[in-house]
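*Asks:* give me coordinates for this.
(one chain, ligands or ions: 2)
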Amino acid sequence: MSRLIVISNRVSRPSKTGNQGGLAVALSQALRESRGIWVGWSGETTDNFTGHIGFAEDEGVKTATIDLEEQDVDEYYNGYANKTLWPLFHFRIDLAEYARDFEGGYNRVNQRFADTASPLIEPEDVIWVHDYHMIPLGQMLRDRGLKNRMGFFLHIPWPPTRLLVSLPHHTKLVSTLFAYDVIGFHTEEWLESFRHYVEKEMNGTVDGDYVTVGDRTIQAVACPIGINAQDFKDAAISATADEMGELVRASLQNRTMIVGVDRLDYSKGLEERFNGYGRFLKDHPEQHRKVVLTQIAPPSRGEVESYQQIRATLDAIAGRMNGEYSDVDWTPIRYVNQGYPRDKLAGIYRAAKIGLVTPLRDGMNLVAKEYVAAQDPADPGVLILSRFAGAAMQLKDALLINPYSPEEMSDAINRALAMPLDERKRRWRAMMDSVEQQDISWWRQCFTGRLMAVNRENAPPEEAEPAG
Ligand SMILES: O=P(O)(O)OC[C@H]1O[C@H](O[C@H]2O[C@H](CO)[C@@H](O)[C@H](O)[C@H]2O)[C@H](O)[C@@H](O)[C@@H]1O
Ligand SMILES: O=c1ccn([C@@H]2O[C@H](COP(=O)(O)OP(=O)(O)O)[C@@H](O)[C@H]2O)c(=O)[nH]1
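*Replies:* Numbering: from 1, shown residues only. Ligands and ions are numbered 1, 2, ... in the order given. Next up is the predicted model:
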């Protein structure tokens, strides 16, 4: 079996407590099985970049990480990745910043990752690069002479061509994707947008899964990521989840809980969610004191100004709404800026009669699937889901809404509160079938199956041996 080499910005080292996310568990399992290595950033900074690789092995998973300089983190992670690509790829060109320093830092750090990874890679290894932090890495590895099978997975949306062309040097960046053999997206929509860009801006051609630009043909596929459904079902009936559920229910005093769980990110539509809930409170005074919205929102990317702004905006809206509607014994919004481990989260999801997942754009959104998996089959809650989340392509039995419309959100909350048990069960069953069938192992197989099957002749031609 070929070794798998995973390369991503964040590296999650398995621990005995098992508190890794689903993606990390799936990758760890593949790495364990193939005796592979996970390469990425340690999350630490150093005064001067040394290239020192920190090796570790935890629970049978080998990791190789490097520290970055503060300037690297500023220009690469906070800069090009999260001030330029993230907003642009989430359709927010109003928030995207274009600076040469960011692009320079992004390329420099990708070169650092290429320098780190290339000596660790053997000819038969299969390389899987993840996400927008590392688009040009494959090309940089090819430049170092690697001929391995190489795949890239984008976890965020691919933007429409008309938006992507606002990125300086967009064609140069996209052309680096043709160094990979297979590239993956979560949905057909993101894949379609990629194909459109290649045809319109790169004079490329599309033939089924094959996309050609110049003399390079690669496969571009849609493989929607899933969760470890069984694990989440189990977590939802664990002692920790039960305790958490009890704690929450006791505090609710027979009120109905609506839950939202998101990184504090403008793409998650939290401002619009609060406004939609505000609209519901305005439209339905009869529901006052009967419902509570618990919004869990651990802060994210706090060094980026747009994230500081959304945090300040949400503080203000939550404060204003609670001021306007609260009574001495009722607060309509519980706004919580801390994160919870999976078991506790599962208990919170199960205690909520409505899961409110309303991103403005989202590559997938695993929270939507986790909410479904955590429900009690005998009395499941209702998922209200933005039609702009990748997850909406699979979870068609959610109440699908436009997150920009407070009225639609208000109506959906009202409908969910009144939904009869048999309809709730029917919708939940259909969603759960999808969550269970297209789970995290299915996703891994969907992508790596393609990658492993790549004919090595797909690799760029060997350099001709010098004559004589
Ligand atoms: O690493 P951070 O900057 O703290 O951000 C966390 C992750 O956010 C993004 O997640 C995406 O991947 C999910 C799994 O495929 C998907 O469900 C979601 O829609 C995406 O937003 C980001 O793409 C990851 O690289 C980050 O680690
Ligand atoms: O307090 C929290 C909030 C979120 N999450 C996890 O973070 C992930 C968020 O993934 P999603 O795809 O919804 O969005 P992303 O943050 O990756 O954009 C999910 O697995 C959540 O269970 C968590 O473990 N604790």
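*Asks:* and the residue in the stretch 201-350 of the chain that ligand 1 sits nearest to, how many neighbours does it have?
*Replies:* Closest contact between the stretch 201-350 of the chain and ligand 1, by Cβ to the nearest ligand atom, is at Ile225 (4.4 Å). Where C-beta positions appear, they are placed from N, C-alpha and C, glycine not excepted. For Ile225, the number of neighbouring residues by other Cβ atoms under 10 Å comes to 26.
*Asks:* how about it, what does it touch?
*Replies:* Each residue near Ile225 by Cβ atoms under 8 Å, 6 or more residues apart in numbering is listed here: Leu23, His155, His186, Met364, Leu366, Ile440, Trp443.
*Asks:* helix, strand or coil for it?
*Replies:* coil (DSSP: H, G, I helix; E, B strand; the rest coil).
*Asks:* residue ranges in the stretch 351-468 of the chain under the pLDDT threshold?
*Replies:* Applying pLDDT under 70 to the stretch 351-468 of the chain picks out residues 456-468.
*Asks:* could you pull out the strands for it?
*Replies:* Using DSSP state E, counting those that start in this stretch, the strands found in the stretch 351-468 of the chain span residues 354-357, 382-386, 399-401.
*Asks:* in its sheet, what does the first one sit against?
*Replies:* In the sheet containing strand 354-357, its partner strands are strand 256-261 (parallel), strand 382-386 (parallel), by DSSP bridges.
*Asks:* flag every buried residue along the first one.
*Replies:* Same thing as strand 256-261. Of the residues in strand 256-261, those with enough neighbours to count as buried (16 or more other Cβ atoms under 10 Å) are Met257, Ile258, Val259, Gly260, Val261.
*Asks:* can you check stretch 396-409 too?
*Replies:* Buried residues in stretch 396-409, counting neighbours by 16+ other Cβ under 10 Å, are found at Asp397, Ala398, Leu399, Leu400, Ile401, Asn402, Pro403, Pro406, Glu408, Met409.
*Asks:* does the fourth one really touch Leu385, like I thought?
*Replies:* This points to Leu400. Yes: using Cβ atoms under 8 Å, Leu400 and Leu385 qualify as a contacting pair, with a distance of 5.8 Å.
*Asks:* ok, the residue in the stretch 151-300 of the chain that ligand 1 sits nearest to - contacts?
*Replies:* Ranking the residues of the stretch 151-300 of the chain by distance to ligand 1 (Cβ to the nearest ligand atom) places His155 first, at 3.4 Å. Contact analysis of His155 by Cβ under 8 Å, 6+ apart lists His130, Asp131, Tyr132, His186, Ile225, Gly363, Met364.
*Asks:* looking at Ala99 now. What's its pLDDT?
*Replies:* For Ala99, the model assigns a pLDDT of 97.
*Asks:* ok, and the closest non-adjacent residue to it?
*Replies:* Gly79 (6.8 Å; Cβ to Cβ, 6 or more residues apart in numbering).
*Asks:* rewinding a little: export the strands of the stretch 351-468 of the chain to TSV and tack on distance to Tyr340?
*Replies:* Written out in TSV, the entries for the strands of the stretch 351-468 of the chain read as follows (distance: least, Cβ to Cβ, whole Å):
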stretch	distance to Tyr340
strand 354-357	15
strand 382-386	19
strand 399-401	25
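*Asks:* export these to TSV and tack on distance to ligand 1?
*Replies:* TSV is the format used below for these (distance: least, Cβ to the nearest ligand atom, whole Å):
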stretch	distance to ligand 1
strand 354-357	11
strand 382-386	11
strand 399-401	17
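*Asks:* tally of neighbours for the residue nearest to Ala99?
*Replies:* Residues near Gly79, counting by other Cβ under 10 Å, number 25.
*Asks:* show me how far stretch 117-129 is from its chain's centre.
*Replies:* 24 Å (Cα atoms, centre = their mean, to the nearest Å).
*Asks:* list the buried residues of that stretch.
*Replies:* Along stretch 117-129, these residues count as buried under the neighbour rule (16+ other Cβ under 10 Å): Ala117, Leu120, Ile121, Asp125, Val126, Ile127, Trp128, Val129.
*Asks:* ok, back up a step: and the residue nearest to Ala99, how far from Ala96?
*Replies:* From Gly79 over to Ala96 the distance is 11 Å, taken as Cβ to Cβ, to the nearest Å.
*Asks:* tell me how the chain divides into domains.
*Replies:* 4-226+442-454, 229-437 (automatic domain parsing).
*Asks:* part of a strand, is the residue of the stretch 151-300 of the chain closest to ligand 1?
*Replies:* No: with three-state DSSP as the criterion, His155 is coil rather than part of a strand.
*Asks:* how near is it to Asp343?
*Replies:* Here His155 is placed at a distance of 24 Å from Asp343 (Cβ to Cβ).
*Asks:* now do Ala312
*Replies:* The value you get for Ala312 to Asp343, if Cβ to Cβ is used, is 32 Å.
*Asks:* if you count what's nearby, which of the two comes out ahead?
*Replies:* Legend: neighbour count by other Cβ under 10 Å for Ala312 and Asp343, higher for Asp343 (21 against 10).
*Asks:* and Gly79, what is it in contact with?
*Replies:* Counting by Cβ under 8 Å, 6+ apart, Gly79 makes contact with Glu97, Ala99, Asp101, Phe102, Gly105, Tyr106.
*Asks:* host element of the last one?
*Replies:* Which is Tyr106. Mapping Tyr106 onto the secondary structure by DSSP states H and E places it in helix 100-117.
*Asks:* elements contacting that helix?
*Replies:* The criterion is 3 or more Cβ pairs under 8 Å, 6 or more residues apart in numbering; DSSP states H and E, and the helices and strands that helix 100-117 contacts are strand 4-10, strand 37-46, strand 61-69, helix 70-72, helix 137-143.
*Asks:* which one of those lies nearest to ligand 1?
*Replies:* Closest to ligand 1 of the helices and strands packed on helix 100-117, according to Cβ to the nearest ligand atom: strand 4-10, at 4.9 Å.
*Asks:* can you name the next helix or strand after that closest one?
*Replies:* Toward the C-terminus, strand 4-10 is succeeded by helix 22-34 as the next helix or strand (DSSP H and E).
*Asks:* among the contacts of Ile225, which one sits closest to ligand 2?
*Replies:* Sorting the contacts of Ile225 by how near they are to ligand 2, with Cβ to the nearest ligand atom, puts Leu366 at the top with 3.5 Å.
*Asks:* what sits against the nearest residue in space to that closest one that is not next to it in sequence?
*Replies:* The spatially closest residue to Leu366, leaving aside those adjacent along the chain, is Ile227, at 5.6 Å (Cβ to Cβ, 6+ apart). Neighbour list for Ile227: Gly22, Leu366, Lys369, Glu370, Ala373, Val435, Asp439, Ile440 [criterion: Cβ under 8 Å, 6+ apart].
*Asks:* and the second one, how many neighbours does it have?
*Replies:* What that stands for is Leu366. Count around Leu366 with other Cβ under 10 Å applied: 21.
*Asks:* same deal with the last one?
*Replies:* Here the count is done by other Cβ under 10 Å, and Ile440 has 25 residues near it.
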